[in-house]
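[1] here's my sequence, what's the structure:
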Amino acid sequence: MEKITSFTIDHIKLQPGVYVSRKDKAGDSVITTFDIRMTSPNEEPVMNTAELHTIEHLAATFLRNHPVFGPKMIYWGPMGCRTGNYLLLNGDYESRDIVPLMIETFEFIRDFEGEVPGASARDCGNYLDMNLGMAKYLAKKYLEQVLYDIRPDRLVYPE
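    Here you go, the predicted structure:
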């Protein structure tokens, strides 16, 4: 079998950023999959499941309720390697198109107070595996080290 696209990216060179992972046709629409890479693969510790799970709940809730992108949002979820998340949007986008949206999303996570949406036994299959404090810390780190002054090399996969 052929390797899938995400396994052809050089993860030794890959740094935190916002990348277009792929674009797929679905009928007359283009679905853009973004790699929202939050940690440096194989260089720094991966995110623990509790904070990644919290980021998932907060980001998915924020994005699905976004006035512009909410209707275009298909999916937000963690990568199995725990170094980032995938965002799927209906539309043909480039990485820089969603940087303002990612800033809004991670500021929402950084500043969030209260009960995490969906963090109850009724609403979630693993509701006890949450860490809001670490989710906020990681959101702040991603904003300050990547998103606020994103460099061009953090918008395109390394060669």
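
[2] which residues does the longest helix belonging to the chain contact?
    For the chain, the helix that runs over the most residues, judged by DSSP state H, is helix 49-64. Residues lying outside helix 49-64 but in contact with it, judged by CB atoms under 8 Å, 6 or more residues apart in numbering, are 47, 69-70, 73, 76-78, 82, 85, 87, 101, 104-105, 108-109, 112, 116-119, 124, 126, 129-132, 134-135, 137-139. Any C-beta I mention is one placed from the backbone N, CA and C, and that applies to glycine too.

[3] try it again at 7 Å.
    When contacts are defined by CB atoms under 7 Å, 6 or more residues apart in numbering, helix 49-64 is touched by residues 69-70, 73, 76-78, 82, 85, 105, 108-109, 112, 116-119, 126, 129-132, 134-135, 138.

[4] please apply the same query to stretch 76-87.
    With contact meaning CB under 7 Å, 6+ apart, stretch 76-87 is reached by 21, 33-39, 41, 46-47, 52, 55-56, 59-60, 63, 75.

[5] pLDDT on it, on average?
    Across stretch 76-87, the average pLDDT comes to 97.

[6] check the separation of the first and last residues in that stretch.
    Using CA to CA, to the nearest Å, the end-to-end distance of stretch 76-87 comes out at 5 Å.

[7] do stretch 6-23 as well
    Between the opening and closing residues of stretch 6-23 lies a distance of 12 Å (CA to CA).

[8] check which residues of that stretch are buried.
    Of the residues in stretch 6-23, those with enough neighbours to count as buried (16 or more other CB atoms under 10 Å) are 9, 14-21.

[9] re the thing from before, among the contacts of stretch 76-87, name the buried ones.
    The neighbour count (16+ other CB under 10 Å) marks 21, 33-39, 41, 47, 52, 55-56, 59-60, 63 as buried among those.
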